[in-house]
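1. My questions are about this predicted structure, shown below with the sequence.
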Amino acid sequence: MARVISVEAQTFPIAGVFTISRGSKTEAEVILCTIREGDNAGRGECVPYKRYGETTAGVLAQIEAVRAAVESGIDRLALIKAMPAGAARNAVDCALWDLEAKAGGAPAAARIAPSPRPLETAYTLSLGEPGAMAAQARANAGRPLLKVKIGGGDGDIARIRAVRNAAPASRIILDANEGWTEEDIVRNMQAAADLGVALIEQPLPAGRDGILRHIAHPVPVCADESVHVAGDLPALAGLYDAVNIKLDKSGGLTAALMLRDEARRLGFGIMVGCMVGTSLAMAPAVLLAQGADYVDLDGPLLLSRDREPGLAYEGSLVSPPLPALWG
């Protein structure tokens, strides 16, 4: 049976405004990839990310460039050689996983995590002034894990303190999105430690993070923008304590599994994260995240509209995907 691939750019509104150190947005821009073979259809979703030089048009063009190979039956391992890591390969790879599951009758979980369980996900608070962030934290103080966007210059310690006071029982991950500097990192990290922060994510710009090898880590430090694929890991030893694995960075579930396993072998802690996307983007990541130290798969919780059917969220617990969604 011949395969047919189709792609579509879509938008989903965000509930309010989502702000990080690099800017704000009010909608999630995603790309849906569908691969059909006979009566079966596999789907994958990706999020083009400007930080990595990606655009919607560029990702669509990358997928179009492998149309002939996909429709001729390329497999997931060959796809890794045919496409660079990034959003485009993620959409195609996850669509192939879903197609294999639909065609073979066996769920993807059987090959990844045979007994998947619900996971506790972080819930993300947007960057803002301390009072606004305290209000966000207070509204979500019942959640066990909060991910707090910072990286806004001199006000970060006040932001961290405001969130901690408003949500005293929650564990906190700080995500600076490369927004700190060599001048403020020691002060900020010590303040985070004093306020009981559990993890600090990507405090310094990728490639300009060498100071992490020479300063104390009173709070464990997690690489995000600095790590994409397994080959990045050796250079991060001694700099970072953990790595954040995202399907849109690694270029799909296949490469993400390789990254996870190599990171574990090298002794890194594991975080599985996401861009702001729908349940279709989160679904394979929920399987990847089984056994992870930290899970940040709250994308659908930040949207005012999700796909139907979507993942089941109960508070901060996200359940594994049902076959009608993915896998």
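-> That came in fine, so what should we check first?
2. For Gln10, give me its contacts.
-> Glu29, Val30, Ile31, Leu32 (Cβ atoms under 8 Å, 6 or more residues apart in numbering). Quick note: C-beta positions are derived from backbone N, CA and C, even for glycine.
3. longest single helix anywhere in the protein?
-> helix 87-104 (DSSP state H).
4. circling back: any chance of the contacts of Gln10 in TSV, with neighbour count and secondary structure too?
-> Formatted as TSV, those follow (neighbours: other Cβ atoms under 10 Å; DSSP: H, G, I helix; E, B strand; the rest coil):
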residue	neighbour count	secondary structure
Glu29	19	strand
Val30	27	strand
Ile31	24	strand
Leu32	19	strand
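5. and which of the residues you listed is nearest to Ile14?
-> Glu29 (10.5 Å; Cβ to Cβ).
6. what are the bridge partners for that closest one, then?
-> Per DSSP bridges, the residues bridged to Glu29 are Thr11.
7. what's near enough to touch it?
-> With Cβ under 8 Å, 6+ apart, Glu29 has these contacts: Ala9, Gln10, Thr11, Val47, Pro48, Thr56.
8. Produce a ChimeraX select command limited to the buried residues of the residues you listed.
-> Buried residues within the contacts of Glu29, by 16 or more other Cβ atoms under 10 Å, are selected in ChimeraX with:
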select :47,48,56
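9. could the contacts of Glu29 be laid out in a markdown table, adding pLDDT?
-> Formatted as a markdown table, the contacts of Glu29 follow (pLDDT from 0 to 100):
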| residue | pLDDT |
| --- | --- |
| Ala9 | 98 |
| Gln10 | 98 |
| Thr11 | 96 |
| Val47 | 98 |
| Pro48 | 97 |
| Thr56 | 98 |
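10. Tell me the one among the contacts of Glu29 nearest to Leu322.
-> So of those, ranked by how close each gets to Leu322 (Cβ to Cβ), first place is Gln10, at 20.9 Å.
11. So that closest one versus Gly44, what's the distance?
-> 13 Å (Cβ to Cβ, to the nearest Å).
12. what sits in contact with each of those two?
-> Joint contacts of Gln10 and Gly44 (Cβ under 8 Å, 6+ apart) are Leu32.
13. Next, count neighbours for the nearest residue to Arg76 once chain neighbours are set aside.
-> Spatial nearest neighbour of Arg76, chain neighbours left out: Thr254 (4.5 Å); criterion: Cβ to Cβ, 6 or more residues apart in numbering. The number of residues packed near Thr254 is 21, by other Cβ atoms under 10 Å.
14. so where does Thr254 fall, helix or strand?
-> helix 253-266 (DSSP states H and E).
15. what angle do that helix and helix 87-104 make?
-> 100 degrees (axes from the mean of the first three to the mean of the last three Cα atoms, to 10 degrees).
16. Relative to the next helix-or-strand element following helix 253-266, what are the paired strands and their orientations?
-> Sequence order places strand 269-272 as the next helix or strand after helix 253-266, per DSSP H and E. Strand 269-272 has the following strand partners under DSSP bridges: strand 242-245 (parallel), strand 294-295 (parallel).
17. need the contact list for Gly30.
-> Just so we're on the same page, residue 30 is Val rather than Gly. So Val30 contacts Ala9, Gln10, Thr11, Phe12, Glu45, Cys46, Val47, Gly277, Thr278, Ala281 (Cβ under 8 Å, 6+ apart).
18. if we go to 10 Å?
-> Residues in contact with Val30 (Cβ atoms under 10 Å, 6 or more residues apart in numbering) are 8-12, 45-48, 56, 59, 87, 91, 248, 275-278, 280-281, 299, 307.
19. Same check on Leu174?
-> So Leu174 contacts 146-151, 156, 159-160, 163, 180, 188-189, 192, 195, 197-203, 219, 221-222 (Cβ under 10 Å, 6+ apart).
20. That one belongs to a strand?
-> Yes: counting by DSSP: H, G, I helix; E, B strand; the rest coil, Leu174 is part of a strand.
21. could we number from 33 for the rest of this?
-> Okay, residue one is now 33; in that scheme the one you just asked about reads as Leu206.
22. Could you find the closest non-adjacent residue to it?
-> Ile232 (4.8 Å).
23. any idea how far that neighbour is from Gln222?
-> From Ile232 across to Gln222, the span is 11 Å (Cβ to Cβ).
24. try Ala190
-> Ala190 sits at a distance of 15 Å from Gln222 (criterion: Cβ to Cβ).
25. same check, this time on Ala198
-> Relative to Gln222, Ala198 is positioned 21 Å away (Cβ to Cβ).
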